[in-house]
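Participant: Give the three-dimensional model of this entry:
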Amino acid sequence: MKFSNTISFENTYATKLKEICETCSPTSFSDSEILLKNYDLGLELGMDKVFLDSQECLDIFSGCVVSDSSVPISQAYSGHQYGNFNPQMGDGRAILLGEINKKDIQLKGSGQTPYSKRGDGKSALGPVLREYVISEFMHKINIPTTRSLFALKTNENVFREKEIPGGLLTRVAKSHIRIGTFEYVSHFSSNNLMPLADYSIERHYQNLANTNNKYLSLFAAICDSQSHLISKWMSVGFVHGVMNTDNMTISGETIDFGPCAFMDIYNPEIYYSSIDRHGRYSYKNQPAIMVWNLTKLAECFIPLAGKTKDDAVKNLTEVINLTMPTYQEYFYKEMSKKFGISKIDNEIISLIDEFLKILKSNSLDFTVAFRDLSKYHSKKITLNESIFEKAKTFQKWYQSFCNIECIQSIPCKEISIKMDKQNPCYIPRNHIIENAIEEAINGDMSEIYKMNEYLKNPYEEQDISKEYYYPTKEGERYVTYCGT
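Facilitator: Next up is the predicted model:
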């Protein structure tokens, strides 16, 4: 890759889909400072260290300077929010600067846009730091995700419930095309439906360009990528918290980390968002909501997916009906790897289901349980030293686990090594990240820096306090907020 000490944007969305976006410039934050800088991601984008450390870089990503090659835009989209359709939404606090190496570069919290309505378009520092840490952790554990290049402190306060420090995030994505983007076009700009679909194929699914009924194939590919993504979420206890159609990308990347959280004690009913009053987006509901969202996308594809409307509906329904079975196949593949198992059959599925029942009935921590199972299997710890000490049915389950042919045929140590490569011992524990953000807002970034470092190697136990490994002992339900 050729590295550069300057920067050059492409602007394919702004030029090819100009009817569903608005040009606008970011707010200038002249006194800002970069708190977190992602050198690895910068290098992947072709930016060398000289540029990343330069005043020019700070000027561009604090909104003070618009690069000559950039056509900054905010994107239009609609969205089903908690089941209710909001037709006119769009980037109310984000501006897309353009693309570098086929990746979107977006400033999030960069001030008012044509879609801001009554909002200031800015972001508080807390949500910026939260998204940086969690999105980069998701990348480290191989979950498709948008990523974070910079987290800036603008040194300008924003007004929410009270006056708090402002922040600005540079977000990198395969694209920011959402299910809600198709909903917007379907509702307001149907002449752009085919161009948007063609552009989506060009950006994400180029292998479909010459297939028969390429738009039906595009829809099927989006369903597949969403099924794969949600299975990954479920395998690590990730609860997104706001699975509105405007927060789900057609590329299959995780986006928008406002009210997300990681499950501590295994509880399928758990949800965290303060505005999700009925648990619509609880952990257990995420697969069903995925299908619901994709059904809304299918409605947008009716003009594209068949020779007649009836034909299109039939074709799309067939794809939708396959989506949940596809998700379940992905889910059990992900879960089997957590046990060091590389195959799936009914015996393995039953084993996985029984293990999850043990976790639920004994209120055991989801993350620690898999690490302790690995240690127990390799005889690094005794049962009394494990999380399963008081779980009455664990020993019976464990005997069934040991009797599986693929487990019997491999030495215990090898199984444990496989497990440890799939099960992080560190996640962004809810109480830890909240404490770190609170300290950062008060001027002390040390805990954020520490989290960012140990989460770079989440599968290896490190010489740090056990408080980073275990969940909080507090009994209160953790509550998250969207941060807008």
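
Participant: Which neighbouring elements make contact with the host helix or strand of Val291?
Facilitator: Using DSSP states H and E, Val291 maps to helix 286-301. Applying 3 or more C-beta pairs under 8 Å, 6 or more residues apart in numbering; DSSP states H and E, one finds that helix 286-301 contacts helix 179-188, helix 214-236, helix 309-338. Yep, even glycine has a C-beta here, placed from its N, CA and C like the rest.

Participant: so which of those helices comes closest to Met419?
Facilitator: Of all those, helix 309-338 sits nearest to Met419, with 6.6 Å by C-beta to C-beta.

Participant: Show me what that closest one packs onto, helices and strands only.
Facilitator: Under the contact definition 3+ C-beta pairs under 8 Å, 6+ apart, helix 309-338 sits against helix 214-236, helix 286-301, helix 346-361.

Participant: Please state the offset of it from the chain centre?
Facilitator: Computed by C-alpha atoms, centre = their mean, to the nearest Å, the separation of helix 309-338 from the middle of its chain amounts to 20 Å.

Participant: Let me see the mean pLDDT of it.
Facilitator: For helix 309-338, mean pLDDT is 98.

Participant: Going by neighbour count, list what's buried in it.
Facilitator: Using 16 or more other C-beta atoms under 10 Å as the test for burial, helix 309-338 gives 312-313, 315-316, 319-320, 323-324, 326-327, 330-338.

Participant: returning to that earlier point: redo the helices and strands packed on helix 286-301 as a markdown table? Include distance to Met138.
Facilitator: Below are these laid out as a markdown table (distance: least, C-beta to C-beta, whole Å):
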| stretch | distance to Met138 |
| --- | --- |
| helix 179-188 | 20 |
| helix 214-236 | 9 |
| helix 309-338 | 14 |
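
Participant: and the helices and strands packed on helix 309-338, which is most packed in?
Facilitator: Comparing the helices and strands packed on helix 309-338 by mean neighbour count (mean count of other C-beta atoms under 10 Å), helix 214-236 ranks first with a mean of 22.

Participant: could I have that helix exported to PDB, CA atoms only?
Facilitator: What follows is helix 214-236, C-alpha atoms only, in PDB (Å, rounded to 0.1, in the frame of the first residue of the first chain):
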ATOM      1  CA  LYS A 214     -29.500  -9.300  -9.300                       C
ATOM      2  CA  TYR A 215     -31.800  -7.300  -7.000                       C
ATOM      3  CA  LEU A 216     -33.300 -10.300  -5.500                       C
ATOM      4  CA  SER A 217     -29.800 -11.700  -5.100                       C
ATOM      5  CA  LEU A 218     -28.800  -8.400  -3.400                       C
ATOM      6  CA  PHE A 219     -31.700  -8.700  -0.900                       C
ATOM      7  CA  ALA A 220     -30.700 -12.300  -0.200                       C
ATOM      8  CA  ALA A 221     -27.100 -11.200   0.400                       C
ATOM      9  CA  ILE A 222     -28.200  -8.500   2.800                       C
ATOM     10  CA  CYS A 223     -30.300 -11.100   4.700                       C
ATOM     11  CA  ASP A 224     -27.300 -13.400   4.900                       C
ATOM     12  CA  SER A 225     -24.900 -10.700   6.100                       C
ATOM     13  CA  GLN A 226     -27.400  -9.600   8.800                       C
ATOM     14  CA  SER A 227     -27.900 -13.200   9.900                       C
ATOM     15  CA  HIS A 228     -24.200 -13.700  10.200                       C
ATOM     16  CA  LEU A 229     -23.800 -10.400  12.100                       C
ATOM     17  CA  ILE A 230     -26.600 -11.100  14.700                       C
ATOM     18  CA  SER A 231     -25.200 -14.600  15.300                       C
ATOM     19  CA  LYS A 232     -21.900 -13.000  16.200                       C
ATOM     20  CA  TRP A 233     -23.600 -10.600  18.600                       C
ATOM     21  CA  MET A 234     -25.400 -13.300  20.300                       C
ATOM     22  CA  SER A 235     -22.300 -15.500  20.700                       C
ATOM     23  CA  VAL A 236     -20.600 -12.800  22.900                       C
END
